[in-house]
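Engineer: Need coordinates for the below:
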Amino acid sequence: MIWLTWRQHRSQMVITAGFLAALGLLLLGSAVEAKLYIAGHAPPGCPGPAAACGELDVVLGQRYDAVYTIFGWMPLVLPALIGAFWGAPLLGREYERGTHRLAWTQSLPVGRWLAVKLAVLGGAAVAGGLVLSLMVSLWRPVFRSGIDSSFGNIGVFNMVGVAPAAWWLFAFALGTLAGSLFRRTVPAMALVVAGIVASMFTLFAVSDYYAEPARAELTNGVVMDDPDVRLVGVAWEEPSGREVESPAAGVCPRRVDVGQSNRNAEAWERCLFGKGYRFVVYYHPSARFWRFQWTEAGILTVASVAMFGLVVRRTVRGKLR
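Structural biologist: Model (predicted):
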């Protein structure tokens, strides 16, 4: 049965493997080119905080952004493709062609037939997501080590760790369920794309509630020292201890001059701090990265298992009727 599953679905697996290989070559070439540039142009002590490293950081940032414009869409596009081209045809095509009548009248029970397919293809989807995560995790430090975040940046967060594998599995399960409901491939594809988009934005919205945010009071600036935190919200705390969204207009005058916005903002903040105000930040520290990764993966895995259960139940009952 495993060999039959491979024979029936090898085109999807081979195309996906080829796509991952192409992305891997793109990342490898980008990283090698950046390493060669660093070796030939980095001033002494770079990369680092020295002023002489600024030009190097700009050039590396440009090289990073050129590739990230492609990968920035991967957390949304790849799960949608897995659901549409792996999950939706699994049962939708069988129903369309009528081949389910032949497959389900053999000596192999329909439940086992479906379980093997779900296990093999689901395992392959998880493996593909982990491969993508590994490639991105090895590529980013060449450009972004110590500069920005894989936790606070939600787009990057869903490209590393175990999140890609969980999203790929969820998309495959959603596509399979859609195929069993519609019994047509194209409508199932449309549903899975809409479902992935809706699910991703829903989890984006609720992810800040995976844990109670930490609270920090800043008295000499409005920027956190750790660039890898996930910001939840900010407020100003008056000398009386009451939190407000913004200080009253008359507390410290705030000028808005063209070309002087940053300097005026800093002067306004110093004035507020001098009068006893505190800048309050609600955030999730970078140490919660894996907690959030496993929380999101757990939510998606439970949802996937539930959808697989519905697919098996619906399929077996449909065969018995």
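
Engineer: Helices of the stretch 1-150 of the chain, start to end?
Structural biologist: For the stretch 1-150 of the chain, the helices defined by DSSP state H, counting those that start in this stretch cover 2-41, 54-71, 74-82, 88-97, 100-103, 110-144.

Engineer: if we look at stretch 63-77, which residues are touching it?
Structural biologist: For stretch 63-77, the external contacting residues (CB atoms under 8 Å, 6 or more residues apart in numbering) are 23, 26-27, 30, 33-34, 37, 132, 136, 139-140, 143-144, 155, 158-159, 163-164, 167, 196-197, 200. For glycine as for every other residue, the C-beta is placed from the backbone atoms N, C-alpha and C.

Engineer: Quick check, pLDDT for residue 319.
Structural biologist: Looking at residue 319, its pLDDT stands at 52.

Engineer: Can you flag the buried ones in the contacts of stretch 63-77?
Structural biologist: Listed as buried from those are 23, 27, 30, 34, 132, 136, 139-140, 143-144, 158-159, 163-164, 167, 196, 200; burial here means 16 or more other CB atoms under 10 Å.

Engineer: buried stuff in the helix or strand hosting residue 271?
Structural biologist: Take DSSP states H and E as the rule and residue 271 turns out to sit in helix 261-274. The neighbour-count check on helix 261-274 (16+ other CB under 10 Å) flags 268-269, 272-273 as buried.

Engineer: Stretch 213-222 too?
Structural biologist: For stretch 213-222, burial by neighbour count (16+ other CB under 10 Å) applies to 213, 216, 218.

Engineer: Could you tell me which of those residues belong to strands?
Structural biologist: Counting by DSSP state E, the buried residues of stretch 213-222 place 216, 218 in strands.

Engineer: Flag whichever of the buried residues of stretch 213-222 scores worst on pLDDT.
Structural biologist: Of all these, residue 218 carries the smallest pLDDT score, 84.

Engineer: wait, that one sits on residue 279?
Structural biologist: Yes. Contact status for residue 218 versus residue 279: in contact at 4.3 Å, counting by CB atoms under 8 Å.

Engineer: sorry, back to before: closest to residue 306 out of the buried residues of helix 261-274?
Structural biologist: Nearest to residue 306, judged by CB to CB, of the buried residues of helix 261-274 is residue 269 at 49.1 Å.

Engineer: so that closest one makes contact with residue 221?
Structural biologist: Yes. If you go by CB under 8 Å, residue 269 and residue 221 touch, sitting 7.2 Å apart.

Engineer: Which neighbours do those two have in common?
Structural biologist: residue 279.

Engineer: burial of residue 92, as a residue count?
Structural biologist: By other CB atoms under 10 Å, 24 other residues sit near residue 92.
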